[in-house]
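>>> Predicted structure and sequence below. I'll ask about it afterward.
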Amino acid sequence: MFKNHPKGLLQAAFSNMGERFGYYIMNAVLALFLCSKFGLSDETSGLIASLFLAAIYVMSLVGGVIADRTQNYQRTIESGLVVMALGYVALSIPVLATPENNSYLLAFTIFALVLIAVGNGLFKGNLQAIVGQMYDDFETEAAKVSPERLKWAQGQRDAGFQIFYVFINLGALAAPFIAPVLRSWWLGRNGLTYDAALPQLCHKYINGTIGDNLSNLQELATKVGGNAADLASFCPHYLDVFNTGVHYSFIASVVTMLISLVIFMSSKKLFPMPGKKEQIVNVEYTEDEKASMAKEIKQRMYALFAVLGISVFFWFSFHQNGQSLSFFARDFVNTDSVAPEIWQAVNPFFVISLTPLIMWVFAYFTKKGKPISTPRKIAYGMGIAGFAYLFLMVFSLVHNYPSAEQFTSLEPAVRATMKAGPMILILTYFFLTVAELFISPLGLSFVSKVAPKNLQGLCQGLWLGATAVGNGFLWIGPLMYNKWSIWTCWLVFAIVCVISMAVMFGMVKWLERVTKS
């Protein structure tokens with residue numbers, strides 16, 4: 001798999017596994033954790049989570065600028081891993097949230113999230129830039145052999161980023177299991193069992209807003225092994241034990257972050273050092289040549305921003321897997337034997353299992369003399385994402401699901417008869433993952449193709465910045481989810497994806513010309 005690709009690709013992918021491990025733990029638990037830890041509403045926790053995810057990618061712009069100016073991508077990446085590890089250390093400290101300390105404890109949690117966002121910004125885009133630089137060097141060496149060898153080498157870039165993407169998802173596959181396993185283990189150590197609905201009811205009891213749900217709380221307290229006759233003691237105790245197990249999962253993130261740091265530092269000799277190479281090259285250009293290069297750079301940047309605009313809408317839709325889709329799994333799907341967070345593992349599982357098939361399909365068309373260009377692949381991906389939400393919309397419409405607020409107000413016995421089976425989530429994640437494989441790794445490849453050599457860190461940061469903009473709107477998902485009939489919520493995402501696909505197809509020929517220039 002790696003023999004036709006630059007040395008260092010596998011090490012770069014494994015270096016990224018720790019970051020992906022921590023990110024997917026965070027993506028799986030953050031919105032749910034903020035609800036269970038601080039008693040926040042779905043909308044408020046969704047807003048904080050979306051701002052955090054946006055900050056991760058916004059900081060990639062800053063990290064890209066720092067690396068481009070210093071031309072020291074490796075040191076910037078190492079600093080990012082250390083800062084991220086410190087953020088996860090802060091999150092791993094288990095302190096019970098009470099009405100007295102809730103405000104400053106929430107502020108401390110947000111500070112920890114800021115550290116993770118800053119560290120991620122220094123790390124993620126710059127590691128992707130290094131992978132792009134590997135392929136720049138790979139193509140330069142191929143050009144010395146023959147034009148045919150160069151053409152072959154250029155065709156390896158898309159496949160290389162897909163390989164990079166599938167290997168970093170190994171960490172993403174394992175991560176979502178950690179929080180539920182540690183949480184259930186810690187609950188068991190304290191004579192309790194897991195129930196997703198209990199934290200919200202416990203907070204309502206403590207805040208004096210339990211109202212008509214008191215009988216539900218008593219029933220669930222008995223079910224998990226608590227004392228329903230002494231809810232004043234049971235509720236704080238259950239919340240403390242429940243959330244402490246999640247805090248422990250962040251310790252696992254610290255460990256994997258340090259492993260990534262060791263892998264990266266031990267593999268540094270395999271990675272490019274662009275700053276040293278540029279000091280050797282000193283070429284004088286005529287005014288016409290400079291004008292021609294400036295025009296080409298402008299065209300490349302216009303193409304980049306066009307694709308960035310489309311990617312905003314994809315990430316707005318796709319990253320609902322940590323927002324409205326997680327809430328949907330919690331409320332509308334029968335997951336008695338599967339914690340809601342574990343559904344986050346379905347996506348990386350499909351990434352790992354489907355990537356070889358999709359690579360084979362692309363290679364098949366290339367061998368037939370009909371290669372599919374990167375922009376066209378991205379357009380297809382947007383259509384597949386739209387189909388995923390269309391599928392979920394039809395299912396919700398057929399089952400006449402109301403808004404989440406209306407649904408969760410029903411009696412538990414009534415809700416149980418209306419809940420869907422797990423297969424609905426598996427199929428939804430299947431389609432979304434196929435869409436992701438057409439867009440995310442190929443988007444990274446596209447950026448590496450069009451980025452000027454002295455702005456590779458910044459351009460990779462811009463790709464992640466577009467992801468940030470999409471993540472900044474994630475809170476809209478939980479808002480629609482709670483207020484509207486569920487099918488209308490999914491319809492909005494389907495429409496966004498279909499319109500984006502149409503716009504992308506309208507630009508395909510122009511983008512193909514730019515990437516070939």
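Yep, that arrived. Residues are numbered from 1 along each chain as shown.
>>> Please state the offset of the lengthiest helix in the chain from the chain centre?
In the chain, taking DSSP state H as the definition, the longest helix is helix 102-143. When C-alpha coordinates are averaged (Cα atoms, centre = their mean, to the nearest Å), helix 102-143 and its chain have centres 13 Å apart.
>>> what number of residues lie near residue 269?
Residue 269 has 9 neighbours, counted by other Cβ atoms under 10 Å. Placement of C-beta: from N, CA and C, glycine included.
>>> secondary structure class for it?
On the three-state scheme (DSSP: H, G, I helix; E, B strand; the rest coil), residue 269 is labelled helix.
>>> all helices of the stretch 51-200 of the chain, in order?
In the stretch 51-200 of the chain, the helices defined using DSSP state H, counting those that start in this stretch lie at 73-91, 102-143, 147-154, 156-189, 198-207.
>>> Ok, which of the ones you listed comes nearest residue 426?
Of all the helices of the stretch 51-200 of the chain, helix 156-189 sits nearest to residue 426, with 14.1 Å by Cβ to Cβ.
>>> Which elements pack onto the closest one?
If you count contacts as 3 or more Cβ pairs under 8 Å, 6 or more residues apart in numbering; DSSP states H and E, helix 156-189 packs onto helix 9-38, helix 102-143, helix 231-266, helix 346-367, helix 423-450.
>>> quick one: average confidence on the helix or strand following the shortest one?
Taking DSSP states H and E as the definition, the helix or strand that follows helix 346-367 towards the C-terminus is helix 374-398. Confidence over helix 374-398, taken as the mean pLDDT, stands at 93.
>>> and helix 374-398, what does it pack onto?
Checking 3+ Cβ pairs under 8 Å, 6+ apart, helix 374-398 ends up next to helix 287-318, helix 423-450, helix 486-516.
>>> Would you single out the least confident of those helices?
The minimum mean pLDDT among these belongs to helix 287-318 (a mean of 80).
>>> distance between whichever helix or strand comes after that one and the chain's centre?
Reading on from helix 287-318 to the C-terminus, the next helix or strand found by DSSP H and E is helix 324-331. Centroid separation for helix 324-331 versus its chain: 17 Å, with Cα atoms, centre = their mean.
>>> looking just at contacts, which helices and strands does helix 324-331 meet?
When contacts are defined as 3+ Cβ pairs under 8 Å, 6+ apart, helix 324-331 sits against helix 9-38, helix 404-408, helix 423-450, helix 476-483.
>>> What are the buried residues along the shortest one?
If I follow you right, that is helix 404-408. Across helix 404-408, burial judged by 16 or more other Cβ atoms under 10 Å covers 404, 407, 408.
>>> Between the helices and strands packed on helix 156-189, which one is closest to residue 306.
Relative to residue 306, the nearest member of the helices and strands packed on helix 156-189 by Cβ to Cβ is helix 423-450, separated by 10.3 Å.
>>> Which parts of that closest one count as buried, going by neighbours?
For helix 423-450, the neighbour count (16+ other Cβ under 10 Å) marks 424-425, 428-450 as buried.
>>> could you give the angle of it to helix 147-154?
Angle, helix 423-450 to helix 147-154, by axes from the mean of the first three to the mean of the last three Cα atoms, to 10 degrees: 140 degrees.
>>> CA atoms only for the next helix-or-strand element following helix 423-450, dumped as CSV, please.
Later in the chain than helix 423-450, the nearest helix or strand by DSSP H and E is helix 456-472. Taking Å, rounded to 0.1, in the frame of the first residue of the first chain, the C-alpha atoms of helix 456-472 are listed here in CSV:
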residue,chain,number,x,y,z
GLN,A,456,1.0,25.7,2.4
GLY,A,457,0.4,26.0,6.1
LEU,A,458,-1.9,28.9,5.6
CYS,A,459,-3.9,27.2,2.9
GLN,A,460,-4.3,24.0,4.9
GLY,A,461,-5.4,26.3,7.7
LEU,A,462,-7.9,27.9,5.4
TRP,A,463,-9.4,24.5,4.6
LEU,A,464,-9.7,23.9,8.3
GLY,A,465,-11.0,27.5,8.7
ALA,A,466,-13.9,26.6,6.4
THR,A,467,-14.6,23.7,8.6
ALA,A,468,-14.6,26.1,11.5
VAL,A,469,-17.3,28.2,9.8
GLY,A,470,-19.4,25.1,9.2
ASN,A,471,-18.9,24.1,12.9
GLY,A,472,-19.8,27.6,14.0
